[in-house]
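Engineer: Below are the sequence and a predicted model; questions follow.
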Amino acid sequence: MRLFLGAARVRLPSTSVVFTSLTDLALGCLEIAADDSGHLLGRLLSPACCPRLQKLRLWAVRFEQDRAKELVLETSTLLELTMDSVETMKSLELRAPNVQDLKIRSCKELEALTVVSASGLKELTFSHNHLGVGIHGDLPCVRRLAISLSSHTHLYPFYNDSDINDTGICLLKRCSSASCIHVDLDIPRKELDGWVDLIKDKIPQLPNVTSLAVKVHPMSERHSLGDGVVGLLTRFNSLSYLSLQLDEEFGWMIRRDDIYSKDAGHLAFICDHEDHWISNKVSLAQLREAEFRGLTGTGCELRFLRFVLESATDLEKVTPRKEAELAHLSRGTGTGAAAGSTASLSLVFYCPGPWDSAASEFCAADAAGTGLEPVSDPSLCVRL
């Protein structure tokens, strides 16, 4: 059953109503009007009313009354639970021993999550929620974890958000059996003073993780990619798969001061800064496959990728997902190739548009400085 109610104000039944055949329920865009709406919603979703419910999604659900912002879900049949933008929920207690997949996203007022008897929970997504959510309960069986983190913060005299990653770090520690991690990584604009790393010295080493996917959201231009990502990569030394995806939006690669310049396209590819990430140690000796998407072609971007892959001595495949939009940069025998190896290895990059001639000029003029050989027709790097 799918109910999208267009922000309607809804009163839940005060008496038990039984939906004997309901296995899949999605409620979206509604406000629950009742003094005890959290209790009523919990009862409506319980086995007493939905004895066969296996899949539940709540999206843009709002509790009207302040005292109704605690939700307790107790069900033995539920297998999948997704909560998106449940705006006024402050506390969620989940008593669902058979739930296998739990997703909680963009619940901006959530302050506490209590998971009771979650022995069946294998996949957990907890991202872009209220800062500093208290996590209670054991999560010993989670194998796939998705979280949101910030790479850095700015420390100002009257403002300090250095605890912005506390919930994500807590989940990384509690889900110690997770082998697959997905991170939505925000990289704030780098300023001259007060740019503090929030990851490298706060997240422990995670030797059990073999698969890492990072979606990068640079809040300014693309030249901060290396400094923003490298701290996270130092936490993993057993990866066999790595994916880095940048926001595929052309405007983010142009520095703010150059947006209105007639040379903005050219200036976007000029790297006039130090590569601070080069002093970090990244160990990817077990890496077999890497995927890079959303690349813009800046020199520091390619230098950083070469730096990341230098320790990947057994790398077999580097490829994007969209094969229709490729630019091939063949690599020599040095970077990431095992000594004496005769196998050829290609770096295959997905380059989003729109592009102008500056990108083609970059491929022809600057690729050699990255240790990568340009293709015979440089325009293939950017126009597809």
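Structural biologist: Looks like it arrived, so ask away.
Engineer: residue boundaries of the helices in the stretch 1-150 of the chain?
Structural biologist: For the stretch 1-150 of the chain, the helices defined by DSSP state H, counting those that start in this stretch cover 37-44.
Engineer: Low-confidence bits of it, can you list those?
Structural biologist: In the predicted model of the stretch 1-150 of the chain, residues 35-36, 66-68 satisfy pLDDT under 70.
Engineer: Tell me where it has strands.
Structural biologist: Using DSSP state E, counting those that start in this stretch, the strands assigned to the stretch 1-150 of the chain run over residues 2-10, 24-32, 55-63, 70-74, 80-84, 91-95, 101-105, 112-116, 123-127, 134-136, 144-150.
Engineer: Show residues contacting the shortest one.
Structural biologist: Looking back up the chat, that one is strand 134-136. By Cβ atoms under 8 Å, 6 or more residues apart in numbering, the list of residues contacting strand 134-136 from outside reads 111, 112, 113, 114, 115, 167, 170, 171, 174. Any C-beta I mention is one placed from the backbone N, CA and C, and that applies to glycine too.
Engineer: Could you say which helix or strand holds residue 306?
Structural biologist: In this assignment (DSSP states H and E), residue 306 forms part of helix 299-309.
Engineer: other SSEs contacting that helix?
Structural biologist: Helix 299-309 makes packing contacts with helix 225-233 when contacts are defined by 3 or more Cβ pairs under 8 Å, 6 or more residues apart in numbering; DSSP states H and E.
Engineer: Residues contacting the helix it packs on, please?
Structural biologist: 149, 151-152, 183, 185, 187, 190, 197-200, 203, 214, 216, 218, 244, 246, 275-277, 280, 282, 284, 300-301, 303-304, 307-308.
Engineer: mind listing which of those are in strands?
Structural biologist: Judged by DSSP state E, strands contain the following of those: 149, 152, 183, 185, 187, 197, 214, 216, 218, 244, 246.
Engineer: Which pair of these spans the longest distance?
Structural biologist: Spatially, the most separated pair among the ones in strands among the contacts of helix 225-233 is 197 and 246, at 19.7 Å (Cβ to Cβ).
Engineer: The two: which is more packed in?
Structural biologist: Neighbours per residue (other Cβ atoms under 10 Å) separate residue 197 from residue 246, with residue 246 holding more: 24 against 14.
Engineer: how much space between the residue lying closest to that one once chain neighbours are set aside and residue 199?
Structural biologist: Spatial nearest neighbour of residue 246, chain neighbours left out: residue 294 (3.4 Å); criterion: Cβ to Cβ, 6 or more residues apart in numbering. The gap separating residue 294 from residue 199 is 21 Å, by Cβ to Cβ, to the nearest Å.
Engineer: ok so, going back, now the phi/psi pair for the residue nearest to residue 246, please.
Structural biologist: phi 80, psi 20 (degrees, to the nearest 10).
Engineer: got the contact list for residue 28?
Structural biologist: 2, 3, 4, 5, 57, 58, 59, 60, 61.
Engineer: cutoff 7 Å now
Structural biologist: By Cβ atoms under 7 Å, 6 or more residues apart in numbering, the contact set of residue 28 is 3, 4, 5, 59, 60.
Engineer: Any idea how many residues pack against the first one?
Structural biologist: What it means is residue 3. Residue 3 has 12 nearby residues by other Cβ under 10 Å.
Engineer: Just grab the bridge partners of it for me.
Structural biologist: Applying DSSP bridges to residue 3 gives these bridge partners: residue 27.
Engineer: wait, isn't it in contact with residue 27?
Structural biologist: Yes - the pair residue 3 / residue 27 is scored as a contact, 5.4 Å apart, by Cβ atoms under 7 Å.
Engineer: Let's test this: mean pLDDT of stretch 271-287, rounded?
Structural biologist: Computed over stretch 271-287, the mean pLDDT rounds to 85.
Engineer: For residue 34, grab the count of nearby residues.
Structural biologist: Counted by other Cβ under 10 Å, the residues lying close to residue 34 total 17.
Engineer: oh, and call the first residue 267 from now on, that's how I've got it
Structural biologist: Fine by me, first position is 267 from now on; the one you just mentioned is residue 300.
Engineer: For residue 550, see how far away it is.
Structural biologist: Separation of residue 300 from residue 550 (Cβ to Cβ): 54 Å.
Engineer: do residue 402 as well
Structural biologist: Counting by Cβ to Cβ, the gap from residue 402 to residue 550 is 35 Å.
Engineer: out of these two, which sits in the more crowded spot?
Structural biologist: Taking neighbours as other Cβ under 10 Å, residue 402 and residue 550 compare with residue 550 leading, 24 against 11.
Engineer: how about the more buried one, what does it touch?
Structural biologist: Applying Cβ under 7 Å, 6+ apart, the residues near residue 550 are 505, 508, 574, 577, 578.
Engineer: Closest to residue 354 out of the residues you listed?
Structural biologist: For those, the residue nearest residue 354 by Cβ to Cβ is residue 508; the value is 38.4 Å.
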